[in-house]
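**Q** Got a sequence here, can you model it:
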Amino acid sequence: MPELPEVETVKRGLSPHLLNRRITGVTVRNPRLRWPIAPTLPAHLHNRTVRALDRRGKYLIVTLDNGHRVLLHLGMSGRILVVPANTPLRKHDHVDWQLDSGEVMRFYDPRRFGAMLEWPADDALHPLLAHLGPEPFSEAFDGDYLFKASRARALAVKSFIMDGQIVVGAGNIYASESLFRAGVRPTRAAGKVTRAEYARLASAIRTVLAEAIAQGGTTLRDFAGADGQSGYFQQDLYVYGREHQPCRHCGATIAKKVIGQRASFYCPGCQK
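**A** Just a heads-up that it's a prediction; the model follows:
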């Protein structure tokens with residue numbers, strides 16, 4: 001599933017094509033996504049101009065000139081591409097937004113776990129965003145915040161930082177890489193991690209995500225940015241997917257353990 005860096009990459013790729021562009025038409029070929037596309041969506045968008053494109057967690061928020069919004073999610077296999085209007089259709093091209101530039105914003109989703117939801121201007125907060133934790137680059141997120149939120153928590157620290165109600169964006173790959181850089185073993189109880197270790201971990205989460213965004217995300221299966229290009233952060237992974245390989249820092253063998261039903265990778269030498 002695309003994580004925060006991939007979604008941020010898509011947002012940055014879409015922005016030059018969408019901002020201040022008028023949507024001249026909408027074609028919905030298959031409304032059966034994770035939540036069915038409302039039959040009123042074409043009217044919701046028709047002849048509206050895009051005024052802002054934002055990201056909250058793994059959601060994209062398109063704000064229109066009348067204050068209405070659309071909430072987009074890529075699901076497990078979704079892609080949002082901007083292509084010339086005459087680009088041939090593929091099997092899973094479910095929705096097109098025709099733009100006054102002559103381009104089309106096309107939503108492609110083979111597994112149909114994505115979403116395209118109306119968000120009226122009168123609704124201050126969308127229910128899907130109501131319980132999200134702070135953004136990792138916000139002032140609200142730091143080591144002290146993680147330390148206070150983790151007290152008396154017995155779950156593994158990796159599961160703790162992957163909880164979107166604690167912080168958004170620390171998906172499986174990035175959680176493993178951040179814990180490695182912070183020197184914290186992923187199996188440790190969240191409540192047993194020290195304040196100093198959480199300070200390192202918060203910094204590592206921000207650094208790892210920033211590096212992934214700069215490199216266009218991590219390509220593992222389906223992800224591609226708005227221009228169709230793949231991300232390259234996978235070349236810089238220190239532990240994720242490297243089971244039985246030597247650690248690039250200490251030479252110890254990278255280990256794998258399932259934590260919270262997710263594959264977790266760590267260095268027994270570097271992470272305590």
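
**Q** got the contact list for residue 54?
**A** The contact partners of residue 54, taken as C-beta atoms under 8 Å, 6 or more residues apart in numbering, are 11, 60-61, 63. Every residue, glycine included, has its C-beta placed from N, CA and C.

**Q** quick one: which of the residues you listed is nearest to residue 50?
**A** residue 63 (7.3 Å; C-beta to C-beta).

**Q** what's near enough to touch that closest one?
**A** By C-beta under 8 Å, 6+ apart, the contact set of residue 63 is 50-54, 69.

**Q** Please, which helix or strand holds it?
**A** strand 59-64 (DSSP states H and E).

**Q** partners of that strand in the sheet?
**A** Strand 59-64 sits in its sheet next to strand 50-56 (antiparallel), strand 69-73 (antiparallel), going by DSSP bridges.

**Q** can you give me the strands for the stretch 151-272 of the chain?
**A** With DSSP state E, counting those that start in this stretch as the criterion, the stretch 151-272 of the chain has strands at 255-259, 262-266.

**Q** Format the ones you listed as CSV; extra columns: distance to residue 38.
**A** Formatted as CSV, the strands of the stretch 151-272 of the chain follow (distance: least, C-beta to C-beta, whole Å):
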stretch, distance to residue 38
strand 255-259, 38
strand 262-266, 33
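
**Q** So which of the ones you listed has the densest surroundings on average?
**A** Ranked by mean neighbour count under mean count of other C-beta atoms under 10 Å, these are led by strand 262-266, which reaches a mean of 20.

**Q** what's next to the top helix by length along the chain, contact-wise?
**A** Counting by DSSP state H, the longest helix found in the chain is helix 195-214. The contact list for helix 195-214 (C-beta under 8 Å, 6+ apart) reads 4-5, 8-9, 136-137, 141-147, 150, 157, 161, 167, 169-170, 174-175, 177-179, 181-184, 193, 218, 231, 233, 236.

**Q** follow-up on the earlier one: could I get the contacts of residue 63 as TSV with pLDDT and distance to residue 244?
**A** Formatted as TSV, these follow (pLDDT from 0 to 100; distance: C-beta to C-beta, whole Å):
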residue	pLDDT	distance to residue 244
50	98	48
51	98	51
52	98	47
53	98	42
54	98	41
69	97	47
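
**Q** By neighbours, which of these wins?
**A** residue 50 (23 neighbours; other C-beta atoms under 10 Å).

**Q** quick one: the nearest residue to that one once chain neighbours are set aside and residue 10, what's the gap?
**A** With C-beta to C-beta, 6 or more residues apart in numbering as the criterion, residue 50 has its nearest non-adjacent residue at 4.6 Å, and that residue is residue 18. Residue 18 sits 11 Å away from residue 10, going by C-beta to C-beta, to the nearest Å.
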